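*Asks:* Whatever this is, show me its structure:
(one chain, ligands or ions: 3)
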Amino acid sequence: MIVVDRAFTERVVKKRPIASYKGKMGRVVIVAGNDRFGGAAIMSATAAVYAGAGLTTVATNPDNWTALHARLPEAMVTDLQAETLTPLLTNADVIVVGPGLGEDAAAKSVLNLVLKTASKDQALIIDGSAITLCSQDRPQMPNAKIIWTPHAVEWQRMSGLTPSQQDDKENQKAFAKMAGTLVLKGSPTRTYNGKDVFLNTSGSPAMATGGSGDTLTGVIAAFCAQFGTNAQTIAAAVWTHSAAADNLHEYVALPTRVAASLPAFMAELAATQS
Ligand SMILES: NC(=O)C1=CN([C@@H]2O[C@H](COP(=O)(O)OP(=O)(O)OC[C@H]3O[C@@H](n4cnc5c(N)ncnc54)[C@H](OP(=O)(O)O)[C@@H]3O)[C@@H](O)[C@H]2O)[C@@H](O)CC1
Ligand SMILES: Nc1ncnc2c1ncn2[C@@H]1O[C@H](COP(=O)(O)OP(=O)(O)O)[C@@H](O)[C@H]1O
Ligand SMILES: [Mg+2]
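*Replies:* Ligands and ions are numbered 1, 2, ... in the order given. Coordinates of the predicted model:
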């Protein structure tokens, strides 16, 4: 068991080299948000941009474009059609699929496009509706660096384990049949990579509000884009997201306020390096 705390995270969050430019900070594509859950796409994208992703594009239902542009002009948008989306997916360093995507035919079709297109050097973060769809349909998974981010009931859909059965031993046994990294969200969140268990030490019930998990997907995406895709980076992203929520000292940690605090918090984490 590896305990993930501030010292652990400070080893991951690097100062930016002088010669940095946006292309070096990672291209993130977020496939999220149907006509009812545009907020999930906006929260995921906001977290990705505010945690430092260099170029962020959101593939979402066109109903969400105006709101996204107004809230987050740093992000680009595209629709969910294969013709426009495929080249963006191919060029991405990190893909997020699922927050607020829904489970209808359009969601299934774009999820299948992502699974068909993702390749081995890309990180692929699978969350929310995409976890539910993958659990139902059991599609062939791509040879990519897959990161699953289920809550307890999404993990039950993936593994068959009820929340009360979800201990480290059972989780590891079930995840051994799957590929990639598992971020099993909860209190606390545990990250599994097939070998180690990373135990998160930040977070509180203030995070029990819609959008906290959507926001986490963006933080993980930005961390993988900047610091490399591995279990340490992912566990550090989990700690940073929940620690930022703790730092608000508010009764409810509103996801948009958590995201807004990330640039200053990450500067603090990086400042500890000589
Ligand atoms: N603003 C937006 O656009 C938002 C959009 N969102 C998007 O909505 C989509 C659906 O996601 P979802 O998680 O709401 O629904 P789903 O997967 O059916 O799970 C619900 C079931 O699981 C249970 N349950 C949940 N957590 C649990 C836990 N920790 N421990 C135990 N039980 C737990 C829960 O229990 P209950 O509440 O009934 O007690 C219920 O039975 C997804 O794409 C997401 O990204 C949301 O992010 C909200 C903000
Ligand atoms: N009581 C709690 N203690 C610590 N973290 C929590 C608590 N409740 C929720 N969280 C965090 O909030 C997030 C919830 O994710 P999720 O259920 O997917 O939210 P949503 O889909 O609404 O965005 C996870 O990161 C989880 O760890
Ligand atoms: Mg969720």
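*Asks:* and residue 90, what element?
*Replies:* Residue 90 is located in helix 82-91, with elements delineated by DSSP states H and E.
*Asks:* Show me what that helix is packed against.
*Replies:* With contacts taken as 3 or more Cβ pairs under 8 Å, 6 or more residues apart in numbering; DSSP states H and E, helix 82-91 sits against strand 27-31, strand 55-59, strand 76-78, helix 105-117. For every residue, glycine as well, the C-beta is placed using N, CA and C.
*Asks:* Show me what the second one pairs with in its sheet, parallel or antiparallel.
*Replies:* What that stands for is strand 55-59. In the sheet, strand 55-59 lines up against strand 27-31 (parallel), strand 76-78 (parallel) (DSSP bridges).
*Asks:* Take those and lay them out in CSV including mean pLDDT.
*Replies:* As requested, the strands paired with strand 55-59 are exported to CSV (pLDDT from 0 to 100):
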stretch, mean pLDDT
strand 27-31, 99
strand 76-78, 98
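*Asks:* so which of those strands gets nearest ligand 1?
*Replies:* Ligand 1 lies closest, by Cβ to the nearest ligand atom, to one member of the strands paired with strand 55-59: strand 27-31, at 11.4 Å.
*Asks:* can the very next helix or strand once past the closest one be found next to ligand 1?
*Replies:* Next helix or strand after strand 27-31 toward the C-terminus (DSSP H and E): helix 38-50. Yes. Using Cβ under 6 Å from any ligand atom, a contact is recorded between helix 38-50 and ligand 1, made by 39, 40.
*Asks:* distance between helix 38-50 and the chain's centre?
*Replies:* Relative to its parent chain, helix 38-50 has a centroid offset of 10 Å by Cα atoms, centre = their mean, to the nearest Å.
*Asks:* go on, stretch 249-268?
*Replies:* In terms of Cα atoms, centre = their mean, the centre of stretch 249-268 is found 16 Å from the chain centre.
*Asks:* mean confidence for it?
*Replies:* Taken as a whole, stretch 249-268 has a mean pLDDT of 98.
*Asks:* quick one: is that stretch near ligand 1?
*Replies:* No. Counting by Cβ under 6 Å from any ligand atom, ligand 1 has no neighbours in stretch 249-268; the shortest distance is 8.5 Å.
*Asks:* Dump the helix or strand that residue 153 is a member of to CSV, restricted to CA.
*Replies:* According to DSSP H and E, residue 153 maps onto helix 152-159. The C-alpha trace of helix 152-159 is given here as CSV (Å, rounded to 0.1, in the frame of the first residue of the first chain):
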residue,chain,number,x,y,z
ALA,A,152,-18.7,2.3,-6.3
VAL,A,153,-21.8,1.5,-8.4
GLU,A,154,-19.9,2.0,-11.7
TRP,A,155,-17.3,-0.4,-10.4
GLN,A,156,-20.0,-2.8,-9.5
ARG,A,157,-21.2,-2.7,-13.1
MET,A,158,-17.6,-3.4,-14.3
SER,A,159,-16.7,-6.1,-11.8
